[in-house]
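In: Quick one, structure for this:
(chains A and B)
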Amino acid sequence: MPPEEGHLSDQELVLAADGELNPRRDAEVRAHLAACWHCRTRLRGLEGAIADFVHLHSATLDPQVPPATGARALLKARLTENAAVSKTGARHAWFIPAPWPALVGLAMATLLIGYVAITKRGERAVPSQKLTPGAVRNVMKAEVCSANAEAFVVPVALQRQVFEEYGIRNAPANAYEVDYLITPELGGAADIRNLWPEPYSATVWNAHVKDELEYRLHQMVCEGQIDLATAQHDISTNWIAAYKKYFHREFPGGRRN
Amino acid sequence: MPEPDSVARWEMVAGGNTERAAVPTADEQEVIQLFDELRTRLLRYLLSFGLPAQDGEEVIQEVFLALFQHLQRGRSRQNLRGWVFRVAHNLGLKRRMARSREAEAPDAARPDPAENPEEQLLSSQRQKRLQAVLRALPEQDQWCLSLRAEGLRYREIAEVLGMSLAAVSTSLGRSLARFSRADGY
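Out: Purely as a prediction, here's the structure:
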């Protein structure tokens, strides 16, 4: 509304309320407000409108904001991954020599041999279906989606059993993490059928990528996009296939299909 | 730029396996600190665009990964809050466009405007009336209001939306006057 002659504009009233006027103009506006009931009433009206907007903003948006914990953990994992990749990239970028096709072939062969060796030792990105088919607790969606979900720690004795089952009793303890196939956040049980030794070795399909999938599935279940049983089934059958299915990507962090 | 605390982020451990050292770099710490400070505000801002929460969360992940790259390349650290909101705004709009293209596909389910979840959350007639006033504002005015409600100063809003300072104050003055009239002040 254009101001009446001699009165303050809406814009100036808002600038004054928000402390955005320069000191000289601010003093003039304050002096006018002290003298003018009309402008002071309009200022109150604008303050009331600010309060209305803030209440509306919170009432419509706050209930849609999930807790930050999962997103924060995911970001941390991705940052660590990114930092490692950029470091490796920076260190080796200049090192690629001219006859690279032959070297790439050699590298692929080395990787293949490495993969076979690793698989033989029982280190694999996807656990054995026989030893680790997955096991769930008897929980409902509401419990899985409640904000105060408890933290699950695998008891040491159970961790030892898992190592024995996979025939890697003497492996260095810090080379593996005993991980849940179906994460407890999706109702997975602390049961030997749901635990496997996940290698820390830096494969593409590593624990951080699985964390990403777990977070996504949990979110989808709680938002009602898929049911809990489907999430449990898909992550326990082949979590890598599930990642590709739910992220529409062939590789972690790659472009969507 | 030297990175003193990231030199030893990978270390050899017994058994010949590499394990991640649990020491985040200064850049990682700064990104996480800003995430803690801004994540909820950013998500509310993105939700106010009409993006679903899951899309909003994905956009925020992209924003902070981009921020990390930005810091790693030694780019400017001036006004990172404004930077983060600007990138989130641009990515949010892109995501919303992609969503609306999907919704135009013949088989896709069209959301029923009467079933808008935001409206269901509003209990009183008064709130519904104010929501109608808000929806009737030009989108840029809605963005200005939301950014101001999330604590941005006029200069930051101008930077996020690529407007002049005067345009920001005109927009806020105009929108609040409409609200104020709608509520009979």
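
In: Ignoring the adjacent residues along the chain, who's closest to A:His7?
Out: With C-beta to C-beta, 6 or more residues apart in numbering or on different chains as the criterion, A:His7 has its nearest non-adjacent residue at 5.4 Å, and that residue is A:Cys39. Just so you know, the C-beta spots here come from the backbone N, C-alpha and C atoms, and that holds for glycine as well.

In: wait, the one you found sits on A:Gly45?
Out: No. A:Cys39 is beyond contact range of A:Gly45, at 10.3 Å (criterion: C-beta atoms under 8 Å).

In: Tell me where chain B is predicted with low confidence.
Out: Confidence mapping of chain B against pLDDT under 70 gives the ranges B:1-22, B:104-123, B:183-185.

In: longest single helix anywhere in it?
Out: When chain B is parsed with DSSP state H, its longest helix is helix B:80-104.

In: For it, list every residue counted as buried.
Out: Taking 16 or more other C-beta atoms under 10 Å in any protein chain shown as the basis for neighbour counts, the residues of helix B:80-104 that come out buried are B:80-89, B:91-93, B:95-96, B:99.

In: which SSE is residue 40 in?
Out: Since you didn't name a chain, this refers to chain A. Element membership of A:Arg40, judged by DSSP states H and E, is helix A:37-61.

In: Please refer instead to chain B.
Out: Secondary structure here is read from DSSP H and E; on that basis B:Thr40 sits in helix B:26-48.

In: Tell me which residues of the following helix or strand past that helix come out buried.
Out: Remark: after helix B:26-48, the chain's next helix or strand is helix B:53-72, criterion DSSP H and E. Applying a neighbour-count criterion of 16+ other C-beta under 10 Å, the buried positions in helix B:53-72 are B:53, B:55-68, B:70-72.

In: which among those residues are in contact with chain A?
Out: Restricting the buried residues of helix B:53-72 to those adjacent to chain A (criterion: C-beta under 8 Å from any C-beta of the partner chain) gives B:53, B:57, B:60-61, B:64-65, B:68, B:72.

In: And the buried residues of helix B:80-104, which is closest to A:Phe247?
Out: B:Arg95 (15.0 Å; C-beta to C-beta).

In: residue contacts, the closest one?
Out: B:51, B:55, B:58-59 (C-beta atoms under 8 Å, 6 or more residues apart in numbering or on different chains).

In: Kindly report the domain assignment for chain B.
Out: Partitioning chain B according to automatic domain parsing yields domains covering residues B:25-111, B:113-185.

In: Including distance to A:Glu164, could the ones you listed go into a markdown table?
Out: As requested, the domains of chain B are arranged in a markdown table below (distance: least, C-beta to C-beta, whole Å):
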| stretch | distance to A:Glu164 |
| --- | --- |
| domain B:25-111 | 37 |
| domain B:113-185 | 50 |
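
In: on that earlier part again, now, among the ones next to chain A among the buried residues of helix B:53-72, which is nearest to B:Leu42?
Out: Distance ranking of these against B:Leu42, using C-beta to C-beta, places B:Ile60 first at 5.4 Å.

In: okay, now the domains of chain A?
Out: Each structural domain of chain A that the record assigns through automatic domain parsing is listed here as a residue range: A:8-44, A:97-247.

In: quick one: the longest one to chain centroid distance?
Out: By that I understand domain A:97-247. For domain A:97-247, the separation from the chain centroid amounts to 16 Å (computed by C-alpha atoms, centre = their mean, to the nearest Å).

In: for the first one, same thing?
Out: Remark: domain A:8-44 is offset 45 Å from the chain centroid, using C-alpha atoms, centre = their mean.

In: in that domain, what's buried?
Out: A:8-17, A:20-21, A:29, A:32-33, A:39, A:42-43.

In: Just the ones of these in helices?
Out: The helices in this structure, assigned by DSSP H, contain A:10-17, A:29, A:32-33, A:39, A:42-43 from these.

In: Now pLDDT too, for those residues, in JSON lines please.
Out: Formatted as JSON lines, these follow (pLDDT from 0 to 100):
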{"residue": "A:Asp10", "pLDDT": "89"}
{"residue": "A:Gln11", "pLDDT": "90"}
{"residue": "A:Glu12", "pLDDT": "91"}
{"residue": "A:Leu13", "pLDDT": "93"}
{"residue": "A:Val14", "pLDDT": "93"}
{"residue": "A:Leu15", "pLDDT": "94"}
{"residue": "A:Ala16", "pLDDT": "93"}
{"residue": "A:Ala17", "pLDDT": "93"}
{"residue": "A:Val29", "pLDDT": "94"}
{"residue": "A:His32", "pLDDT": "95"}
{"residue": "A:Leu33", "pLDDT": "95"}
{"residue": "A:Cys39", "pLDDT": "94"}
{"residue": "A:Arg42", "pLDDT": "92"}
{"residue": "A:Leu43", "pLDDT": "93"}
